[in-house]
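# What would the 3D arrangement of this be:
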Amino acid sequence: MPPLGCSPPPSLPPADFNYGADEYDAEGNEEPKALPEGSETMPYIDESPTMSPQLSARGQESGDGVSPTPTDGLGTGGERDAGKGLEMRKLVLSGFLASEEIYINQLEALLLPMKPLKATATTSQPVLTLQQIETIFYKIQDIYEIHKEFYDSLCPKVQQWDSNVTMGHLFQKLASQLGVYKAFVDNYKIALETAEKCSQSNYQFQKISEELKVKGPKDSKESHTSVTMEALLYKPIDRVTRSTLVLHDLLKHTPADHPDYPLLQDALRISQNFLSSINEDIDPRRTAVTTPKGETRQLVKDGFLVELSEGSRKLRHVFLFTDVLLCAKLKKTAVGKHQQYDCKWYVPLADLVFPSPEESEHCPQVHVIPDHELEDMKMKISAIKSEVQKEKANKGQSRAIERLKKKMFENEFWLLLNSPAIPFRIHNRNGKSYLFLLSSDYERSEWREAIQKLQKKDLQAFVLSSVELQVLTGSCFKLRTVHNIPVTSNKDDDESPGLYGFLHVIVHSAKGFKQSANLYCTLEVDSFGYFVSKAKTRVFRDTTEPQWNEEFEIELEGSQSLRILCYEKCYDKTKLNKDNNEIVDKIMGKGQIQLDPQAVQTKNWHMDVIEMNGIKVEFSMKFTSRDMSLKRTPSKKQTGVFGVKISVVTKRERSKVPYIVRQCIEEVEKRGIEEVGIYRISGVATDIQALKAVFDANNKDILVMLSDMDINAIAGTLKLYFRELPEPLLTDRLYPAFMEGIALSDPAAKENCMMHLLRSLPDPNLITFLFLLEHLKRVAEKEPINKMSLHNLATVFGPTLLRPSEGESKAHLTLASDIWSHDVMAQVQVLLYYLQHPPISFTELKRNTLYFSTDV
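Next up, the predicted model:
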């Protein structure tokens, strides 16, 4: 095997840099749009360590601060032994060295045209003037020399590796030369502008700058790759962040008594201060939402809704008065001035109608944000929440806490704006239609019912004069009942954080219907400031007293309320709308209860009734906190499959993958792969328990039962099998190493580490994991139909496959929300890493001793 540090990745994929990030004012306007490469706005350099070294124009990604700060978990005498002598320090350095070689090749490619361009500058036909050359290539030569010297010094140290090797002084020297980068960054915008102008005015230079040849790394199949000058000019900015992330990883895996430790600490401090100083110059201060003033006219209801206006989502404050619906946004005002609303439009209730599904076909289609983007944002928010809690527990600086809260507000605001997908259409008889997007059918029903109730009165059509409209809009500030955007960062510290864990709900029955109908219920809970539908009973046909008796397990993420909606199922095909998110079933009743932590947190079922429009729905519920749900209990009966070690089951069956896993996957692929929400939607608990009993008894009727069973129950049985393994599929022993590996910032080091860990698994675990992995990838291929992306599947299965058994997890237990944001988030990221990885074969994995990343 060639020496570690000098066997860099075989190829360089095209870089995908985020030059811009959307920002929103109180209205939800984008300020500015995502910027193209080389745009006028300077890139924001994110100094917080992240899972992946990305840069964004104004710190959109800076909420990613997932890795612990340098002081966390250090001084422990080195990293844990992750089986077969895994050396994290060596992996980090070898990956970094590989990417450093590629960076040097990129700088060389950038410098290559400089000499001939300088030579022509003094001729009668210059391509560029000397001044233009100096501006475009400013400080590139100096940066190249710094990194070449660093690489030449570090490479032999990694080649002749032993645990006592020191290289902290090299990183310290590299950090001390960051002044060159400061000069480069200050000139960056002018360099890009100059290069662009020269390309437009000189065809010869345009040809040169469009295809610069970057030499491939040693041992690479590709000798060269073509990259634009604009992309290469961005590399030094990206490199500063990469070096800082690597320092962070190195520190994490360097014992406190190692001679490198103080040197690396010093280098990291210099690098982070450097990034902060640059960001202070670049990061613009954002406007904030403030408080009330005004009066008049009776306000019936108000709240924040997302409007789809001219193709983009805007957060509006909607006011329902006794005779008019008014849609407003907060005006931007100078600091210290009274804030006011600006009326976007109004509709007199006498002119307001709700278009039927057929009439709304001509309305704009709803662009739904992919679930994985929403899940990513939730993870970022959870991570920041944990950072805030940590700062408070350590009595951290109020400025640091405020900065985190501000970041959290921005992320929660994005989620609030982009999550809703249920259309609520309003039409003015005199012509114009408006479209709101809501996250909950309950909420849509509330608005519709409030408007319809007011419309029963004798209302007159009218037109407001500009003065009347001004007075009415001015009154909104004082009359409003909803003062803050519904995000958790607006909550007071003493408010309940809500429940984190699992709510078990049995929907028993309903009575009070005047005539027979096809009836079903849905369950909604709040999380991240808005409500989402979590479960749905089967349709009970042609009855006035449906008896569902179905049990659901609902995950709570800071939830405070449970809503139950009762629907009559619509089978009339003429009423079905082309819009996927349109719900045409009729709401027969709806109700809401508060989830009182004291009342809910008992081991026993708590029975309750919700009354709604003369209908009574009977249900029971109990709550399991996250720490309780973390328990894995080995089965006392070793003859079954649930709660029995996977190696025992495969040995007994003489199989490579347990029979239960093969059969459940086969059934899902046969008839459930296009099922909306497969693996996310809860199966009926009684059906799952029946399947569990049949598999444990190895009953000969298994296949008949599987073919008749609801597909969500089969998916639920597979999840339950993995959840009840006495130790996780990816093992307790390797759990700490998986957590450390996924936190590595350098892609090459992460690749080496994550593949090494797979090889360290026992064969039955590894083969079963790879079998499941390929199945989940096939499920995700049907995402346009089943709405289950790789991110969604990782969220469902990550904790199930990684969560440590009880003895291991006790050490990790803190606040429930901490468990979610740190442990669970990392577990999801581990599975997602493998799901997004190209196919991994068992034989290939066992044959290769080390993987190298192709990413830089």
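# Where does the most far-flung residue of the chain relative to its centre sit: helix, strand or coil?
In the chain, the residue that sits farthest from the middle, by Cα atoms, centre = their mean, is residue 124; the gap is 57.0 Å. Following DSSP: H, G, I helix; E, B strand; the rest coil, we place residue 124 in the coil state.
# roughly how far apart are it and residue 118?
From residue 124 across to residue 118, the span is 15 Å (Cβ to Cβ, to the nearest Å). The C-beta positions use only the backbone N, C-alpha and C, and glycine is treated the same way.
# in which helix or strand would I find the residue nearest to residue 180 when sequence neighbours are not counted?
Nearest non-adjacent residue to residue 180, counting by Cβ to Cβ, 6 or more residues apart in numbering: residue 142, 4.9 Å away. Element membership of residue 142 [criterion: DSSP states H and E] is helix 140-159.
# Just list what the helix or strand following that helix packs against, helices and strands only.
For helix 140-159, the following helix or strand on the C-terminal side (DSSP H and E) is helix 168-176. Where contact means 3 or more Cβ pairs under 8 Å, 6 or more residues apart in numbering; DSSP states H and E, helix 168-176 is packed against helix 140-159, helix 229-252, helix 260-282.
# Go through whichever helix or strand comes after helix 168-176 and flag the buried ones.
Using DSSP H and E, the helix or strand that follows helix 168-176 towards the C-terminus is helix 179-201. Neighbour counts using 16 or more other Cβ atoms under 10 Å place 180-181, 184-185, 187-188, 191-192, 194-195, 198-199 of helix 179-201 among the buried residues.
# and which of these is nearest to residue 669?
residue 192 (50.1 Å; Cβ to Cβ).
# How about the contacts made by residue 565?
By Cβ atoms under 8 Å, 6 or more residues apart in numbering, the contact set of residue 565 is 441-442, 445, 521-522, 524, 587, 589-590.
# partners of the strand or helix carrying it in the sheet?
Secondary structure from DSSP H and E places residue 565 in strand 561-568. Using DSSP bridges, strand 561-568 pairs in its sheet with strand 517-527 (antiparallel), strand 586-594 (antiparallel).
# Pick the most buried one from the ones you listed.
strand 517-527 (a mean of 22; mean count of other Cβ atoms under 10 Å).
# Following the record's annotation, map out the domains of this protein.
Domain ranges of the chain: 82-280, 288-368+421-490, 499-629, 637-848, per the TED database.
# Quick one, which of these gets closest to residue 390.
Using Cβ to Cβ, the nearest of the domains of the chain to residue 390 is domain 637-848, at 8.4 Å.
# So which bits of the strand holding residue 565 are buried?
562-568.
# Same check on stretch 258-272?
Here stretch 258-272 shows 258, 260-261, 263-268, 270-272 as buried, counting by 16+ other Cβ under 10 Å.
# For this structure, which helix or strand comes out least confident on mean pLDDT?
Lowest by mean pLDDT, DSSP states H and E among the helices and strands of the chain is helix 816-818, with a mean of 43.
# what residues does the next helix or strand after it touch?
Using DSSP H and E, the helix or strand that follows helix 816-818 in sequence is helix 825-836. Helix 825-836 is contacted from outside by 51, 66, 379, 382-383, 730, 738-739, 741-743, 750, 754, 758, 769, 773, 776-777, 780, 790-791, 793-795, 797-799, 801-803, 840, using Cβ under 8 Å, 6+ apart.
# Report the spatially nearest residue to residue 709, omitting neighbours in sequence.
Per Cβ to Cβ, 6+ apart, closest to residue 709 is residue 687, 6.1 Å.
# quick one: secondary structure of that neighbour?
Assigned by three-state DSSP, the conformation of residue 687 is helix.
# Quick one: neighbours of it, just the number.
If you count neighbours by other Cβ atoms under 10 Å, residue 687 ends up with 19.
# where does it land on pLDDT?
With respect to pLDDT, residue 687 scores 87.
# repeat for the one 4 residues further on
Here, the pLDDT recorded for residue 691 equals 93.
# got the contact list for residue 96?
Residue 96 neighbours (Cβ under 8 Å, 6+ apart): 242, 246, 746, 748-749.
# Could you dump those into a markdown table with pLDDT and neighbour count added?
Putting the contacts of residue 96 into a markdown table (pLDDT from 0 to 100; neighbours: other Cβ atoms under 10 Å) gives the following:
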| residue | pLDDT | neighbour count |
| --- | --- | --- |
| 242 | 76 | 20 |
| 246 | 83 | 27 |
| 746 | 87 | 29 |
| 748 | 88 | 26 |
| 749 | 89 | 29 |
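# Mind putting the residues you listed into TSV with distance to residue 452?
Putting these into TSV (distance: Cβ to Cβ, whole Å) gives the following:
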residue	distance to residue 452
242	58
246	61
746	59
748	61
749	61
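# List just the nearest of these to residue 717.
Using Cβ to Cβ, these come closest to residue 717 at residue 749, 38.1 Å.
# Confirm that that closest one sits in a helix.
Yes. Assessed by three-state DSSP, residue 749 belongs to a helix.
# leaving aside the residues next to it on the chain, what's closest to it?
Among residues not flanking residue 749 along the chain, residue 95 sits closest, at 3.2 Å (Cβ to Cβ, 6+ apart).
# Let me know the helix or strand that that neighbour is in.
Residue 95 is part of helix 88-111 when elements are defined by DSSP H and E.
# any idea which helix or strand comes after that helix?
helix 114-121.
# So what angle separates the directions of that following helix and helix 179-201?
50 degrees (axes from the mean of the first three to the mean of the last three Cα atoms, to 10 degrees).
# Show the average pLDDT along helix 114-121.
Rounded mean pLDDT across helix 114-121 is 86.
# and if you look at stretch 621-631?
Average pLDDT, stretch 621-631: 69.
# how about low-confidence regions in the stretch 101-250 of the chain?
Residue ranges of the stretch 101-250 of the chain with pLDDT under 70: 219-222.
# Show me what the strand or helix carrying residue 739 is packed up against.
Secondary structure from DSSP H and E places residue 739 in helix 735-742. Where contact means 3+ Cβ pairs under 8 Å, 6+ apart, helix 735-742 is packed against helix 747-759, helix 825-836.
# Highest mean neighbour count out of these?
helix 747-759 comes out most buried of the helices and strands packed on helix 735-742 by mean count of other Cβ under 10 Å, with a mean of 23.
# Spatially nearest residue to the residue nearest the centre of the chain (excluding sequence neighbours)?
The chain has residue 376 as the residue nearest its centroid, 0.2 Å off, counting by Cα atoms, centre = their mean. Ranked by Cβ to Cβ, 6+ apart and with sequence neighbours excluded, the top spatial neighbour of residue 376 is residue 791, at 6.6 Å.
# pLDDT and distance to residue 401 for the buried residues of stretch 258-272 - can I get that in TSV?
Below are the buried residues of stretch 258-272 laid out as TSV (pLDDT from 0 to 100; distance: Cβ to Cβ, whole Å):
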residue	pLDDT	distance to residue 401
258	83	33
260	85	32
261	86	28
263	89	31
264	88	27
265	88	24
266	88	27
267	88	27
268	87	22
270	85	25
271	84	24
272	81	18
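# No further queries at this time; thank you.
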